[in-house]
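Chemist: return atomic coordinates for the entry below.
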Amino acid sequence: MIDYLVLSLFIIVALTGLISHVFGFPGNFIVLAASLLLGWYGGFKEVTITVLAVLVGLVLLGELVEFILGVLGAKKYKSSNKAIIGSIVFGIIGGILGIPFFLGIGAVIGAFLGAFFGAFLVEFVLEKNVDRAMKSGWGAFIGRLAGTFFKGAIGIAMVVITIVYAVGN
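Modeler: Here you go, the predicted structure:
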């Protein structure tokens, strides 16, 4: 059976990973690393290599679906491919620039606003149409939001799977 102090440390690190989603960081990779360390600590008896392989698959699924939802959100509102790229680039820039504000929460605001403004600006420069640019920006925003929620749900599932195997075996 796994040491409960070590399990508590895993939970703290995993929760930190889940919270980091809010800031636009790859929190599921943090959860995966914590699960790997927990498995290593227990000699891979409870958290086995098979469990870790499933977690790797979930991490990759979360990243892929987040990206796809961002693109689909923008496409639903008829964003051009260039506007989608603008959304991705400005989302990253906004997240980085927002880190110092509101105790780090600015990164989230910056990432979402960056996605919106990136799609908006590129679409406006290309089409010279404010309505179309607003729709493009809104789609990028909604897609980014949906992707973040999906990736967070995957992270929660990863934590639950790890705890179930660590305690249950």
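Chemist: where are the low-confidence patches of this protein?
Modeler: Residue ranges of the chain with pLDDT under 70: 1-2, 23-24, 102-105, 169.
Chemist: could you pull out the helices for this structure?
Modeler: 4-20, 27-41, 49-76, 81-98, 106-127, 130-168 (DSSP state H).
Chemist: so can I have CSV of the ones you listed showing mean neighbour count?
Modeler: Any C-beta I mention is one placed from the backbone N, CA and C, and that applies to glycine too. Formatted as CSV, these follow (neighbours: other C-beta atoms under 10 Å):
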stretch, mean neighbour count
helix 4-20, 16
helix 27-41, 21
helix 49-76, 18
helix 81-98, 20
helix 106-127, 22
helix 130-168, 20
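Chemist: ok, now how distant is the residue with the largest distance to the centre of the chain from residue 121?
Modeler: Here the chain reaches farthest from its C-alpha mean at residue 128, the gap being 32.3 Å by C-alpha atoms, centre = their mean. Here residue 128 is placed at a distance of 12 Å from residue 121 (C-beta to C-beta, to the nearest Å).
Chemist: ok, residue 67 next?
Modeler: 21 Å.
Chemist: and residue 86, what does it touch?
Modeler: Applying C-beta atoms under 8 Å, 6 or more residues apart in numbering, we find residue 86 in contact with 118, 119, 121, 122, 123.
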